[in-house]
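**Student:** One predicted model, sequence on top.
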Amino acid sequence: MARDRQAYTADGEPITIHDHLWVMVDVTMHPGVEPKRPILGASVLWRCTKRNCKGLREQKYNFKRPRSNQNVNHFSAQTRAIIEA
């Protein structure tokens with residue numbers, strides 16, 4: 001794991017730079033108004049688990065319908081065979 005690094009702001013204030021360890025805190029679903037698309041996407045709030053770090057970030061995810069020519073999951077047939085056995 002990388003060690004924390006010391007850096008300074010333009011005003012000369014010391015700050016600690018580290019690689020964040022993100023963990024999911026909250027998920028908000030965004031509903032749609034059309035029956036064709038009942039859920040448009042989600043917003044996920046992440047926070048850093050490092051000690052004394054107040055790092056937060058929000059990431060938005062959009063849900064899309066798969067393309068008609070998209071390959072199916074090739075593990076699904078094997079999974080069905082295991083379940084039925």
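**Tutor:** Perfect, thanks for sending it. Residues are numbered from 1 along each chain as shown.

**Student:** give me every residue that touches His18.
**Tutor:** His18 makes contact with 2, 4-5, 50, 53 under the criterion Cβ atoms under 8 Å, 6 or more residues apart in numbering. Glycine gets a C-beta too; all of them are placed from N, C-alpha and C.

**Student:** Okay, and which of those map to strands?
**Tutor:** Within those, residues falling in strands by DSSP state E are Arg5.

**Student:** from the contacts of His18, which would you call buried?
**Tutor:** The neighbour-count criterion (16 or more other Cβ atoms under 10 Å) marks none of the contacts of His18 as buried.

**Student:** In CSV, list the contacts of His18 along with distance to Val23 and pLDDT.
**Tutor:** As requested, these are exported to CSV (distance: Cβ to Cβ, whole Å; pLDDT from 0 to 100):
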residue, distance to Val23, pLDDT
Ala2, 18, 61
Asp4, 18, 72
Arg5, 22, 79
Lys50, 10, 87
Cys53, 11, 84
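
**Student:** For stretch 15-23, what is the distance to the chain centroid?
**Tutor:** Taking Cα atoms, centre = their mean, to the nearest Å, one finds the center of stretch 15-23 at 16 Å from the center of the full chain.

**Student:** Equivalent analysis for stretch 38-57, please.
**Tutor:** 8 Å.

**Student:** I'd like the average pLDDT over stretch 13-31.
**Tutor:** Mean per-residue pLDDT for stretch 13-31: 87.

**Student:** And for stretch 66-77?
**Tutor:** Stretch 66-77 shows a mean pLDDT of 66.

**Student:** give me every residue that touches the nearest residue to Thr16 once chain neighbours are set aside.
**Tutor:** Excluding its sequence neighbours, the residue lying closest to Thr16 (Cβ to Cβ, 6 or more residues apart in numbering) is Asp4, at 5.1 Å. Shown in contact with Asp4 (Cβ under 8 Å, 6+ apart): 16-18.

**Student:** Quick one: the strands in the chain, in order.
**Tutor:** Listed in chain order, the strands of the chain (DSSP E) span 5-8, 14-17, 22-31, 39-48, 56-62.
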